[in-house]
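J.: give me a model of this one.
(chains A, B and C)
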Amino acid sequence: MGSPTLVWFRQDLRLADHPALRAACERGAVIPVFIWSPEEDGEWLLGGASKWWLHQSLKSLTQELERLESKLVIRRGNALDQLRALVHETKATALFWNRRYEPTILERDKKIEEHFGCDDFAIETFNSHLLLEPWAIQNKSGKPFQVFTPYWKTCLAAIEAAGPGKPIVAPKKIEAPIKWPKSLGLDELELQPKIDWVKGIRENWQPGEQGAQGNLKRFLSETVFNYAETRNRPDVVGTSRLSPHLHFGEISPRQILHAVKMAAEKKFISPAVWRQWQFLTELGWREFAHHLLFHFPHTANEPLRPEFKKFPWHDNPEGLKAWQLGRTGYPIVDAGMRELWHTGWMHNRVRMIVASFLVKDLLLPWHTGAKWFWDTLVDADLANNTLGWQWTAGCGADAAPFFRIFNPVTQGEKFDPKGDYVRRWVPEIARLPDKWLHQPWNAPREILSASRIDLGKTYPEPIVQHSIARDVALEAFQKIKSQETM
DNA sequence: TGAAATGTTGGGGCG
DNA sequence: ACGCCCCAACATTTC
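T.: Residues are numbered from 1 along each chain as shown, chains lettered A, B, ... in the order given. Presented below is the predicted three-dimensional model:
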C-alpha cells in the first residue's frame, strides 16, 4: 500500500463524477478532507442560509463516505496551513482537488499549488464544476465573450466536438489510510444558526447528493418536457430546483447534461430537438456567468460597463427595508421576497422582477440587492449572482439596446395569472379577485373591504408609484448615457 | 429572459 | 344596404 492521497473537497460535495476522488482512488489510500476557512472567500463570506446548507451537505457527504468505510476529515483555519499539517501528519504524497473559479479562491489555490509543487509530491487539479472552463472559449478576436448568444453557440459546438462526456461513476470502495488524521466534529464548525430560523428551508430542501439526484429525477420525469411553458411560472414547480445542489457541487453539470440526453433518448426525442431545449440554455447562463467573472474579476463589486460607475443611485434605507421584508405594496415583489426569506430560494422569474424593482423603481444600487441575496439564498453563487444583478441593473452583459424596466403588475399578471403564488406568500390579500390581486391599490373601495383589506394597515400602499419611478430611472439612465459620449 | 407608444384592422352600433 | 365612427384587439415601432 502506497502513501495516501489527500482529496480536498470544496464545492464538489459528492462522490459521483468527481474526477479528483477518482484519480486519488486509482492511486491507493485516500483521505477526504474539508477545510472551513470562510475568510478566504474574501468579502463574500458565506451567508446564513448557505452555511446551513453547507452543514447539511457535509453531513450527507460524511454519511456517504462512511458507507464506503471512509470518512471526511474536517479542519478549520487557513487552508494552506491545514493542508501542510495534514501532509505532515499523514505522510501523504499527493493532493488532488477540483477547481473553483472565484477570483479570490483562484489566487489562494495558485499559492497552495506553488507551495506543494515539487518533484516528490503530486499535486493535481481537475475540472468538474463546469462544462467548459472559463478560459476554454474565446471569440474570433481571441477575447472573452460579453454577449450570451454567440458565447453559448460556441460552447455547444465545443461540447459537441469533445464527445459524449459520460459522467464518472461513484467509487465502489475507497481505500482507507493506515491511520486517520485528527478531525473536528461537524458541529464544531458552528455552521448552523443558533436560533432555529431555518424551518422553512429545511422543509423545502434535502441537501446532499441524494437530494440532488432526487430533484433531477423529478425534473426529468415530467417537468423538463413542459419547460418551455412552465419555466416562468412561479405558481407551479416548473423548474429543476437544482441551483443549490449545483452550487455546492452535489451534482455536476455534466451529470445533468447527460441525464437530460438520456431522458430525451428514452422518449425518442432527436438530438436536434433536445439541444434546443431552453433548459440547456439555463446551464449555459451558469457557464457564461463563470466565464464573465473569470475574465472580469472586478465585476463582483464593480459594473462591467464602466459608465455605470456614475449612475445616480439613491440612498433609501426605508425602501431597502420594505423590499427585504416583502412590504413594498407590490404583491408579486412581496411574494418573491417572502418566498426567499422563508425557503432560501426564489423562482428565477421572480428574482428578475424583485431585482428590477430594487434597482429601477427604488434606484438602490444593485450591489445592495446582491448582498441581500447572498445572505438569504441557499444557492448564493458569486458568478450567478453577479451576472443576474448586473443584467437587471443594465450595467452588465445584456445585449438589449434599451433600458429594461419590468412592470411589476404586468409581470405578475402574466406569470402568476391565477394568483396562486401571490396568495400563497401574501395571504393578507388572498381574498382579492384575480383582477385586482396584482394591483390592490386600484381595486374599488367596496372590493377591498369585502376582501377584508385596509390598504396602508393590513397591506401596504405601494411605496413608489411605478409609472413615476420608471420615468425617474429612465432620466437617470439618460444622464450617464449622455456623459458616455462626452 | 420588456414595456409603452403608435399603427392597423375589423366588427358592431347607428343614422 | 351603406358609410361613418368608435374602440377593442392585435401588430409594429421605439426607447
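
J.: count the neighbours of A:Pro417 for me.
T.: A:Pro417 has 14 neighbouring residues, counting by other CB atoms under 10 Å. In this view, the C-beta of every residue, glycine as well, is placed from N, C-alpha and C.

J.: model confidence score at it, please.
T.: Here, the pLDDT recorded for A:Pro417 equals 94.

J.: contacts only, for the closest residue to it other than its chain neighbours.
T.: Of all residues not flanking A:Pro417 in the chain, A:Asp434 sits nearest, at 7.6 Å (CB to CB, 6 or more residues apart in numbering). Residues near A:Asp434 by CB atoms under 8 Å, 6 or more residues apart in numbering: A:Pro417, A:Lys418, A:Gly419.

J.: so which bits of the stretch 201-350 of chain A are right by DNA strand B?
T.: A:Thr281, A:Glu282, A:Trp285, A:Asn348, A:Arg349 (CB under 7 Å from any atom of the strand).

J.: now the two most distant members of these.
T.: Distance extremes for these: the farthest pair is A:Thr281 and A:Arg349 at 14.4 Å, using CB to CB.

J.: helices of the stretch 201-350 of chain A, start to end?
T.: Under the criterion DSSP state H, counting those that start in this stretch, the stretch 201-350 of chain A contains helices at A:209-221, A:227-230, A:243-247, A:253-266, A:271-274, A:278-295, A:317-325, A:331-343, A:348-356.

J.: just the C-alphas of the fifth one, formatted as CSV.
T.: Taking only C-alpha atoms (Å, rounded to 0.1, in the frame of the first residue of the first chain), the coordinates of helix A:271-274 have been written out as CSV:
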residue,chain,number,x,y,z
PRO,A,271,-30.7,15.5,-30.6
ALA,A,272,-31.7,18.3,-33.0
VAL,A,273,-34.7,18.9,-30.8
TRP,A,274,-33.4,18.4,-27.3
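
J.: packing partners of that helix?
T.: Applying 3 or more CB pairs under 8 Å, 6 or more residues apart in numbering; DSSP states H and E, we find helix A:271-274 packed against helix A:253-266.

J.: and the residue in the stretch 101-250 of chain A positioned nearest to DNA strand B, how many neighbours does it have?
T.: Per CB to the nearest atom of the strand, A:Phe148 is where the stretch 101-250 of chain A lies closest to DNA strand B, at 5.4 Å. By other CB under 10 Å, 21 other residues sit near A:Phe148.

J.: ranges for the strands of the stretch 351-486 of chain A?
T.: Using DSSP state E, counting those that start in this stretch, the stretch 351-486 of chain A contains no strands.

J.: would you tell me which residues of it are close to DNA strand B?
T.: So the stretch 351-486 of chain A meets DNA strand B at A:352, A:400, A:402-407, A:410-411, A:414, A:466-467, A:470 (CB under 7 Å from any atom of the strand).

J.: recalculate using a threshold of 6 Å.
T.: Contact residues (CB under 6 Å from any atom of the strand) of the stretch 351-486 of chain A with DNA strand B: A:Met352, A:Phe402, A:Arg404, A:Ile405, A:Phe406, A:Asn407, A:Thr410, A:Gln411.

J.: now do the contacts for the fourth one.
T.: This points to A:Ile405. A:Ser356, A:Lys360, A:Arg470, A:Ala473, A:Leu474.

J.: in TSV, list those along with neighbour count and pLDDT.
T.: Listed next are the contacts of A:Ile405 as TSV, based on neighbours: other CB atoms under 10 Å; pLDDT from 0 to 100:
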residue	neighbour count	pLDDT
A:Ser356	23	98
A:Lys360	25	98
A:Arg470	17	97
A:Ala473	20	97
A:Leu474	15	96
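
J.: looking at the residues of the stretch 201-350 of chain A next to DNA strand B, which is nearest A:Arg84?
T.: A:Trp285 (38.3 Å).

J.: the closest one against A:Phe148, yeah?
T.: Yes - A:Trp285 lies in contact with A:Phe148 (CB atoms under 8 Å); the separation is 6.9 Å.

J.: so where's the stretch 1-150 of chain A uncertain?
T.: Within the stretch 1-150 of chain A, the stretches with pLDDT under 70 are A:1.

J.: what ranges do the helices span in it?
T.: Ranges of helices within the stretch 1-150 of chain A are A:19-27, A:48-67, A:79-90, A:103-116, A:148-162, based on DSSP H, counting those that start in this stretch.

J.: as JSON lines, those with distance to A:Ile178 would be great.
T.: Below are these laid out as JSON lines (distance: least, CB to CB, whole Å):
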{"stretch": "helix A:19-27", "distance to A:Ile178": "15"}
{"stretch": "helix A:48-67", "distance to A:Ile178": "17"}
{"stretch": "helix A:79-90", "distance to A:Ile178": "9"}
{"stretch": "helix A:103-116", "distance to A:Ile178": "22"}
{"stretch": "helix A:148-162", "distance to A:Ile178": "39"}
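
J.: so for A:Gly249, which of those helices sits nearest?
T.: helix A:48-67 (8.8 Å).

J.: how many residues are close by the residue in the stretch 251-400 of chain A that DNA strand B sits nearest to?
T.: Using CB to the nearest atom of the strand, A:Trp285 is the residue of the stretch 251-400 of chain A that sits closest to DNA strand B, at 4.0 Å. Number of residues near A:Trp285 (other CB under 10 Å) recorded here: 18.

J.: and it, what does it touch?
T.: Residues in contact with A:Trp285 (CB under 8 Å, 6+ apart) are A:Phe148, A:Asn384, A:Leu387.

J.: and A:Pro312, what is it in contact with?
T.: Taking CB under 8 Å, 6+ apart as the criterion, A:Pro312 is in contact with A:Leu363, A:Ala476, A:Lys479, A:Ile480.

J.: now restrict these to buried residues only.
T.: Listed as buried from the contacts of A:Pro312 are A:Leu363, A:Ala476, A:Ile480; burial here means 16 or more other CB atoms under 10 Å.

J.: you'd agree A:Ala380 is up against A:His247?
T.: Yes - under the criterion of CB under 8 Å, A:Ala380 is in contact with A:His247, at a separation of 7.2 Å.

J.: buried residues, stretch A:455-468. List them.
T.: Of all the residues in stretch A:455-468, those buried under the rule 16+ other CB under 10 Å are A:Leu455, A:Tyr459, A:Pro460, A:Pro462, A:Ile463, A:Val464, A:His466.

J.: tell me the one of those residues nearest A:Ala85?
T.: Using CB to CB, the shortest approach to A:Ala85 within the buried residues of stretch A:455-468 belongs to A:Ile463, at 53.1 Å.

J.: A:His314: how many residues sit nearby?
T.: Residues within reach of A:His314, counting by other CB under 10 Å, total 12.
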